[in-house]
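Enquirer: Attaching a predicted model along with its sequence, questions to come.
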Amino acid sequence: MPSKNIDEHVGEKVLLKANNGRKKVLVKEGILEQTYPNIFVVRVEASDNTSRVISYSYSDILTKMYK
């Protein structure tokens, strides 16, 4: 189960890069909030002092959709 290694990084800052097609790369920086067996949750701060929670699946990482 991949969440065992990532559990050690809960509360730390993470940087996720996503290929968004046609040479576009989307970069998200946030705090790793929680991990689950199939997903992990990152809190991302927006420029207008709001935050949002985004979930990512481990399969996205394994298929290199996100780095």
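Expert: Happy to help now that I have it. Numbering: from 1, shown residues only.
Enquirer: for this structure, what spans make up the helices?
Expert: 3-7, 58-62 (DSSP state H).
Enquirer: where in this protein is pLDDT low?
Expert: In the prediction, the chain carries residues with pLDDT under 70 at positions 1-4, 64-67.
Enquirer: 90 instead?
Expert: Residue ranges of the chain with pLDDT under 90: 1-9, 15-28, 37-38, 45-49, 54-67.
Enquirer: So which residues of this structure form strands?
Expert: With DSSP state E, the ranges of strands along the chain come out as 13-19, 25-35, 39-45, 51-57.
Enquirer: about what we covered before: got the helices of the chain as CSV, with mean neighbour count and distance to Glu33 columns?
Expert: C-beta: built from backbone N, CA, C; applies to glycine. Below are the helices of the chain laid out as CSV (neighbours: other C-beta atoms under 10 Å; distance: least, C-beta to C-beta, whole Å):
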stretch, mean neighbour count, distance to Glu33
helix 3-7, 12, 12
helix 58-62, 14, 15
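Enquirer: So which of the ones you listed is nearest Pro37?
Expert: Evaluated with C-beta to C-beta, these place helix 3-7 nearest to Pro37, the distance being 5.9 Å.
Enquirer: Pretty sure Val19 sits against Val25.
Expert: One thing to correct before we go on: residue 19 is Asn, not Val. Yes. Using C-beta atoms under 8 Å, Asn19 is in contact with Val25, at 6.3 Å.
Enquirer: So between those two, which is more surrounded?
Expert: Each of Asn19 and Val25 has its neighbours counted (other C-beta atoms under 10 Å); Asn19 has more, 13 against 10.
Enquirer: Distance-wise, check that one relative to Tyr36.
Expert: Using C-beta to C-beta, to the nearest Å, Asn19 is found at 24 Å from Tyr36.
Enquirer: closest one to Val14 among the helices of the chain?
Expert: Once those are compared by C-beta to C-beta, helix 3-7 is nearest, at 9.4 Å.
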